[in-house]
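[1] 3D model of this:
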Amino acid sequence: MEIGANGGMTQATPATRALIAAAPVLFVLMWATGFVVARLSAPHADPLTFLSIRFPIAGLCFVAIALALRAPWPGSRQAFHATVAGAFLHGGYLGPVYWAVAHGMPAGVSALIVGLQPLMTAILAAWMVKEKIALRHWAGLAVGILGVALVVSPKLQSGFSGGITPVTTAVNIFGALSISFGTVYQKRFATALNLASGGAWQYVGATLAVAIPALLMEEMRFDGSFDAWFALGWSVVVLSLGAITLLMLLIRLGDVGRVASLIFLVPGVSALMAYVLFGETLSPVQILGMAVCAGAVIIVTRKWVRRP
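    Down below sits the predicted model:
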């Protein structure tokens, strides 16, 4: 089955089935590049200012796609739900995380805090959308938390010397809670939306969530260097358009707990990208953590068959 223009399901082509099958892997790879974008943009732009530029551009891209595909536009109620979901999924998540890292929170510690998001999502899903949390979900989530801790443990050992304050920690936790709430809210109220037109409204909420604090707290610095523009272009095309569309698709096609478990793979993949691009070494403990994270996803997402 595939998603039609009106948000319904139609008969899937082989290409569509292949894309849906590959969506989890593509999502993890795209989402993990956020580490690269954060590293490139930090010296060249204030964090909320960078997002205040990124989100409206992404929203306009979704508008153009929706118009080109003649996608149906949501009514006022659904537009409101999409705006709220976007405020939490994008603005409320990336804004606090970028701000905390820019104010000294070590990236490894930030990754560990955000890595707790699947557990938060599973608990919220049980409350908001009445999803049943099976024992294997709890087991997989526990294993995933262990894996994330192993992946970032070397950075934790060197990161506690500075930058970790009650404020940056609380802000980072708020970011993890925000994407958790946004994921469940999307599942509860906005899964029927067209991905293009709904995405456009989501970035309205995301822009408001970061632009107002940016105007109040920052100097609105964006130096216009090549690295700044490259980071902006990558974040719009690969992250805001590609990864977020895949996230909404995965939320629509699967239960929230299984989708959230994919986040456990991101710290390990990000560490591997950092090794390839920046020469950051991977310790045996980190490699073990990546394997543990992969095992957690298998535990949570595999359809176990009870044999008679």
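
[2] Quick check: next helix or strand after the helix or strand harbouring V210?
    Using DSSP states H and E, V210 falls within helix 195-217. As assigned by DSSP H and E, the chain's next helix or strand after helix 195-217 is helix 226-234.

[3] packing partners for the very next helix or strand once past that next one?
    Following helix 226-234 in sequence order, the next helix or strand is helix 244-253 (DSSP H and E). Applying 3 or more C-beta pairs under 8 Å, 6 or more residues apart in numbering; DSSP states H and E, one finds that helix 244-253 contacts helix 14-32, helix 166-189, helix 195-217, helix 256-261. Where C-beta positions appear, they are placed from N, C-alpha and C, glycine not excepted.

[4] rewinding a little: in the helix holding V210, what counts as buried?
    Residues 195-211, 213-214 are the ones in helix 195-217 that count as buried (16 or more other C-beta atoms under 10 Å).

[5] pLDDT averaged over it - what is it?
    For helix 195-217, mean pLDDT rounds to 94.

[6] any idea how far that helix is from the chain center?
    15 Å (C-alpha atoms, centre = their mean, to the nearest Å).

[7] thinking again about what came up before, out of the helices and strands packed on helix 244-253, nearest to V151?
    Ranking the helices and strands packed on helix 244-253 by proximity to V151 (C-beta to C-beta) places helix 14-32 first, at 11.6 Å.

[8] Pull the residues that contact the closest one.
    Residues from elsewhere that reach helix 14-32, judged by C-beta atoms under 8 Å, 6 or more residues apart in numbering: 2, 12, 238-239, 242-243, 246-247, 249-250, 253, 262-263, 265-266, 269-270, 273, 301.

[9] Just the buried positions in that helix, please.
    Within helix 14-32, the residues that count as buried by 16+ other C-beta under 10 Å are I20, A23, P24, F27, V28, L29, M30, W31, A32.

[10] got the angle for that helix vs helix 226-234?
    140 degrees (axes from the mean of the first three to the mean of the last three C-alpha atoms, to 10 degrees).

[11] Show me what the helix or strand following helix 14-32 is packed against.
    Of the helices and strands lying after helix 14-32 in sequence (DSSP H and E), the nearest is helix 34-41. Packing partners of helix 34-41 (3+ C-beta pairs under 8 Å, 6+ apart): helix 226-234, helix 265-278.

[12] now the angle between helix 34-41 and the first one, please.
    Spelled out, that is helix 226-234. Using the same axes, to 10 degrees, helix 226-234 lies at 150 degrees relative to helix 34-41.

[13] Please give the centre-to-centre distance between helix 226-234 and its chain.
    The answer for helix 226-234 is 19 Å, by C-alpha atoms, centre = their mean.

[14] buried stuff in it?
    Buried-residue list, helix 226-234, by 16+ other C-beta under 10 Å: A228, A231, L232, W234.

[15] one step back: tell me which strands and helices the helix holding V210 is in contact with?
    Counting contacts by 3+ C-beta pairs under 8 Å, 6+ apart, helix 195-217 packs against helix 47-68, helix 76-86, helix 92-102, helix 244-253.

[16] Would you mind finding the most buried of those?
    Neighbour counts (mean count of other C-beta atoms under 10 Å) averaged over each of these peak at helix 92-102, with a mean of 25.

[17] of the helices and strands packed on helix 195-217, which approaches L177 most closely?
    Of all the helices and strands packed on helix 195-217, helix 92-102 sits nearest to L177, with 8.4 Å by C-beta to C-beta.

[18] Report the backbone C-alpha coordinates of the closest one in PDB.
    Presented in PDB, the C-alpha positions along helix 92-102 are these (Å, rounded to 0.1, in the frame of the first residue of the first chain):
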ATOM      1  CA  GLY A  92      11.000  22.600  20.400                       C
ATOM      2  CA  TYR A  93      13.500  19.900  19.700                       C
ATOM      3  CA  LEU A  94      16.300  21.400  17.600                       C
ATOM      4  CA  GLY A  95      16.100  24.800  19.200                       C
ATOM      5  CA  PRO A  96      17.000  23.700  22.800                       C
ATOM      6  CA  VAL A  97      19.500  21.100  21.600                       C
ATOM      7  CA  TYR A  98      21.400  23.600  19.400                       C
ATOM      8  CA  TRP A  99      21.200  26.300  22.100                       C
ATOM      9  CA  ALA A 100      22.500  23.900  24.800                       C
ATOM     10  CA  VAL A 101      25.500  22.800  22.700                       C
ATOM     11  CA  ALA A 102      26.300  26.400  21.700                       C
END
